[in-house]
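Q: model this:
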Amino acid sequence: MTMKTNIKPLFDNVLVKPLEAEEKTASGIILPDTAKEKPQIGEVMAVGPGHRTPDGKVLPVTVKIGQKVMYKKWGGNEVKIGADEWMLVEEKDILAVLD
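A: Residues are numbered from 1 along each chain as shown. Okay, the predicted model is just below:
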């Protein structure tokens, strides 16, 4: 259960809740915590207002709260608040929206 957060990203940053890492391989081998892959898929929890162009216009972020997204493996910043772990990524580090 995740707590409600009051994090409001700035600019074109997106707050993502990473999905849980796989517990076992496709062949059924259970993975210890140290061998789990870092997840690259998560749910969008909050978005910033958008990227500001040099002439001052704001280009809104294209992803929306609740969408599942795939982001760069080493993109973004890990943020921990209490027991909850989040990723704060720039919109350019989001690779795809999943259906």
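
Q: Tell me, how many residues neighbour Tyr71?
A: As a burial measure, Tyr71 scores 22 neighbours (other C-beta atoms under 10 Å). Any C-beta I mention is one placed from the backbone N, CA and C, and that applies to glycine too.

Q: hmm, I was thinking of Asp55
A: Other residues close to Asp55 by other C-beta under 10 Å number 5.

Q: Ile41 too?
A: 15.

Q: what pLDDT does it get?
A: pLDDT recorded at Ile41 is 92.

Q: pretty sure it contacts Val97?
A: No. In this structure Ile41 lies outside contact range of Val97 using C-beta atoms under 8 Å: 10.6 Å.

Q: Check the contact lists of these two and give me the overlap.
A: 68-70 (C-beta atoms under 8 Å, 6 or more residues apart in numbering).

Q: Can you tell me which of those residues is nearest Leu15?
A: For those, the closest approach to Leu15 (C-beta to C-beta) belongs to Val69, at 11.1 Å.

Q: Is the closest one within a helix or a strand, and which one?
A: In the assignment (DSSP states H and E), Val69 maps to strand 68-71.

Q: Convert that strand to PDB, retaining C-alpha atoms only.
A: What follows is strand 68-71, C-alpha atoms only, in PDB (Å, rounded to 0.1, in the frame of the first residue of the first chain):
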ATOM      1  CA  LYS A  68       2.000   2.700 -17.200                       C
ATOM      2  CA  VAL A  69       5.300   3.800 -18.800                       C
ATOM      3  CA  MET A  70       8.700   2.300 -19.700                       C
ATOM      4  CA  TYR A  71      11.600   4.500 -18.900                       C
END
